[in-house]
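1. Quick one, structure for this:
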Amino acid sequence: MVANYRNLPKSVNEIIADRAIRHALYLERYKTGQVEDIIKLLNGSLEPELIARVQKSLDVVAKTSPALKKLFKDNGVLVRAEYSAMENHLYKNLRDLSKAESDWQIKTLNDSTPIQIDFIAPAPKVLKALVENAPMNGALLKDWFAKLADDTVFKVNQQIQIGVINGEGIEDIVRRIKGTRAAQYSDGILNISRNNLRAIVRTSVAHVSEEARKELYRENSDVISGHQIHETLDTSTCEICMAMDGQVFDTVDDIPDYPHFGCRRSIIPVLKSWKELGINLREAPEGTRASMNGQVPASMTYGEWLSNQSVSVQNEALGIGKAQLFRDGKINVGDFVDNQSRILTLTELTKKAG
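-> Now for the predicted structure:
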């Protein structure tokens, strides 16, 4: 270790926790961006081609004709190809994310400690491999995408079969697949696919972020004494996550898997005390003696944390308009998203605030 002391107003672990909470807000924003990218692929490529194929083919389809079987098969080929394209698009971004998360954590640890510690970053090939090989809720990401594709094919072909048997018109069948403009297409069976995609994409971003951090914590286990779970506590938080908030585990391998899709937890490292690191307190400057005590930072909700941040940080995290509504007490953290984890616009929040 090379001495390079810096006076800090809080303990190192409190500073790391504070920065991790702020970073988690930005990670939620990144998740939303990735969801929007994938949904654009579904809306702009898969859905139009699928609907056009159905409309064209149903003109010549009888209830049990070979043409109907061919349509079902062609739908499967199209849907699986489009989902494969979505998967590849997401994989590329997740590989970049794993490296970025490792780099961010290294910088945070270096910037938060009052002495220079040679933190070790995971090897690039390890970070790349975890994106494809680390199971997420019991299955690999590629398997989740394969299941999404199969489910979509089944639901679309099922609606076609029902419509044909019942003698429905083409537009009626298309309407049940695509949905209606009046309902913003939320009443079509393809909307189920959209919602499932949203859940998979958001969870995969959180999963890769967490796995990248776990790899870094393993590499630096000699200076880390524990790993604390910090949950986003608001009106969307489930009881399981509430119960896990603040728990500390000795090793990353002791940490339970995500309890559900869309979980928004963060894992925060708890650095060892000066004594545990073999540093003589009497040789450390007075200003740094209490800066690294090995204690677990107190748990707080995102709302509490955000309330204690500067106006500039609040504006950066939420946007000027939303931040002002938050400071005025007209909305709280739980109001920022709906029950499908969609971030509400300023107009929607202003209306909600009354």
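
2. use CA for all of it now, contacts and neighbours both
-> Fine.

3. taking the mean pLDDT, what do you get for stretch 222-240?
-> What stretch 222-240 shows for mean pLDDT is 82.

4. what does stretch 167-177 give?
-> pLDDT averaged over stretch 167-177 gives 92.

5. who touches that stretch?
-> Stretch 167-177 has contacts (C-alpha atoms under 8 Å, 6 or more residues apart in numbering) with 51, 54-55, 58-59, 156, 159-160, 163, 187-190.

6. what ranges of the stretch 151-300 of the chain fall below the confidence cut-off?
-> Low-confidence segments of the stretch 151-300 of the chain (pLDDT under 70): 234-235, 239, 280-300.

7. Mind jotting down where the strands sit in it?
-> For the stretch 151-300 of the chain, strands defined by DSSP state E, counting those that start in this stretch occupy the ranges 224-230, 248-249, 266-271.

8. looking at these, which is buried most?
-> Highest mean neighbour count among these (mean count of other C-alpha atoms under 10 Å): strand 266-271, with a mean of 26.

9. Going C-terminal from it, what's the next secondary structure element?
-> Per DSSP states H and E, strand 266-271 leads on to helix 302-307 as the next helix or strand towards the C-terminus.

10. sorry, back to before: the contacts of stretch 167-177: which two are farthest apart?
-> Asp59 and Asp187 (24.1 Å; C-alpha to C-alpha).

11. who's more crowded, these two?
-> Neighbours per residue, other C-alpha atoms under 10 Å: of Asp59 and Asp187, the larger number sits with Asp187, 17 against 10.

12. mind checking how far that one is from Arg194?
-> Going from Asp187 to Arg194 by C-alpha to C-alpha, to the nearest Å gives 12 Å.

13. what's the answer for Leu27, then?
-> Distance, Leu27 to Arg194, using C-alpha to C-alpha: 21 Å.

14. For Arg53, grab phi and psi.
-> The phi and psi values for Arg53, taken as degrees, to the nearest 10, are phi -60, psi -40.

15. Could you pull up the contacting residues of it?
-> The contact partners of Arg53, taken as C-alpha under 8 Å, 6+ apart, number zero.

16. Give the burial count for Tyr83, as a bare number.
-> 24.

17. Quick check on the contacts of stretch 167-177: which are buried?
-> Buried members of those, scored by 16 or more other C-alpha atoms under 10 Å, are Ile51, Val54, Gln55, Leu58, Val156, Gln159, Ile160, Gly163, Asp187, Gly188, Ile189, Leu190.

18. Which of those residues sits closest to Arg95?
-> Using C-alpha to C-alpha, Leu190 is the member of the buried ones among the contacts of stretch 167-177 that lies nearest Arg95, at 28.4 Å.

19. give the contact list for that closest one.
-> By C-alpha under 8 Å, 6+ apart, Leu190 lies in contact with Thr152, Val156, Ile177, Lys178, Gly179.

20. I'd guessed the first one sits against Arg80; true?
-> Looking back up the chat, that one is Thr152. No. The pair Thr152 / Arg80 is not scored as a contact, 9.1 Å apart, by C-alpha atoms under 8 Å.
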